[in-house]
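Asks: here is a sequence together with a model predicted from it:
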Amino acid sequence: MAALTRLFRSTTTTQNAAASFIHRSLTTAAATQSVTPRIDPKGRNVQWVFLGCPGVGKGTYASRLSALLGVPHIATGDLVREELSSSGPLSKQLEEIVNQGKLVSDEIIINLLSKRLEAGEAKGESGFILDGFPRTVRQAEILNEVTDIDLVVNLKLPENVLMEKCLGRRICSQCGKNFNVASINVKGENGNPDISMAPLLPPSNCVSKLITRSDDTEAIVSERLRIYNEKSQPVEDFYRGLGKLMVFDLPGGIPESLPKLLEALNLDENEDKRSATA
Ligand SMILES: Nc1ncnc2c1ncn2[C@@H]1O[C@H](COP(=O)(O)OP(=O)(O)O)[C@@H](O)[C@H]1O
């Protein structure tokens, strides 16, 4: 018991230190903007979170919006994969966790996020769209203690579509762009509309360099979906309770969904200076 208490205390101390770093980065960054970002009604760059199950397209839509709004897109999954492919001390440990479809500890993820914010701060970044964080209520509470999130966009797709999307996902090992080889046609259940998504095929220069994420197998995706429902679904409720959650049911692939998402956010792809709904 004493050992457990000691461990808990040291974890909490590290988390608090990381949380206070996140706070410092966010406040300093807000004072040093260098791009032409979207200013929200609070007079600073937007601070949004994208939530959603594995494969829903958080990364795709978050990166489009980050380009439109002039704020960085920070995906904790990318931070984990970068660390994993390095020869750093965490790499082996992370590989095991990720390949079981489990979540990395709050402490590790907060440290990775702090480092990313620190690097961004050095480059004068401010505002953000977070993708894949927070994923536990504890992470959401820590974020809530250190900064004010304006909006949480919760993307939704039926579970059978999510599985097909994850299995069809491909990444170009050279340019890093994401593609999808799945051609999806799913009948809507319980009065929901059918969903069709055309494949998002790579240009010819990427074709021979495509790789599949090691955690995009049927067994690991099932486990990631199970863990999402157990650990991350309560994060949706956390933000619903704060009145910050916007649920968006994706009607199909990017061509159908992006214009509707922009409309729901009161954004215009060609005219990016209007104020966003918060
Ligand atoms: N906020 C987080 N907390 C804990 N683990 C995380 C977090 N973000 C990413 N990870 C780890 O990185 C893996 C890949 O994340 P991500 O690319 O966001 O995947 P997904 O497609 O499942 O949304 C996750 O399965 C998990 O192991």
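Replies: Okay, I see it. Residues are numbered from 1 along each chain as shown.
Asks: residues near L210, how many?
Replies: Counted by other Cβ atoms under 10 Å, the residues lying close to L210 total 16. (C-beta placed from N, C-alpha, C; glycine too.)
Asks: so how far is the ligand from it?
Replies: L210 sits 17 Å away from the ligand when distances are taken as Cβ to the nearest ligand atom, to the nearest Å.
Asks: give me phi/psi at that residue?
Replies: Per-residue torsions, L210: phi -70, psi 140 (degrees, to the nearest 10).
Asks: show me what contacts it?
Replies: The contact partners of L210, by Cβ atoms under 8 Å, 6 or more residues apart in numbering, come to R170, I171, C172, S173, F179, P202.
Asks: out of those, name the ones that lie in strands.
Replies: Of the positions in the contacts of L210, R170, I171, C172, F179 sit in strands, assigned by DSSP state E.
Asks: next, format the contacts of L210 as JSON lines and append distance to E95 and neighbour count.
Replies: Below are the contacts of L210 laid out as JSON lines (distance: Cβ to Cβ, whole Å; neighbours: other Cβ atoms under 10 Å):
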{"residue": "R170", "distance to E95": "20", "neighbour count": "23"}
{"residue": "I171", "distance to E95": "17", "neighbour count": "19"}
{"residue": "C172", "distance to E95": "22", "neighbour count": "18"}
{"residue": "S173", "distance to E95": "17", "neighbour count": "11"}
{"residue": "F179", "distance to E95": "24", "neighbour count": "17"}
{"residue": "P202", "distance to E95": "26", "neighbour count": "20"}
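Asks: and of those, the nearest to the ligand?
Replies: The ligand lies nearest to I171 out of the contacts of L210, by Cβ to the nearest ligand atom, at 10.8 Å.
Asks: residues touching the closest one, list them.
Replies: So I171 contacts K177, N178, F179, L210, I211, T212, R213 (Cβ under 8 Å, 6+ apart).
Asks: save the contacts of L210 as CSV, and put in distance to the ligand and pLDDT too.
Replies: Formatted as CSV, those follow (distance: Cβ to the nearest ligand atom, whole Å; pLDDT from 0 to 100):
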residue, distance to the ligand, pLDDT
R170, 14, 97
I171, 11, 95
C172, 16, 96
S173, 16, 95
F179, 15, 94
P202, 19, 96
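Asks: if anything else comes up later, I'll come back, but that's it for now.
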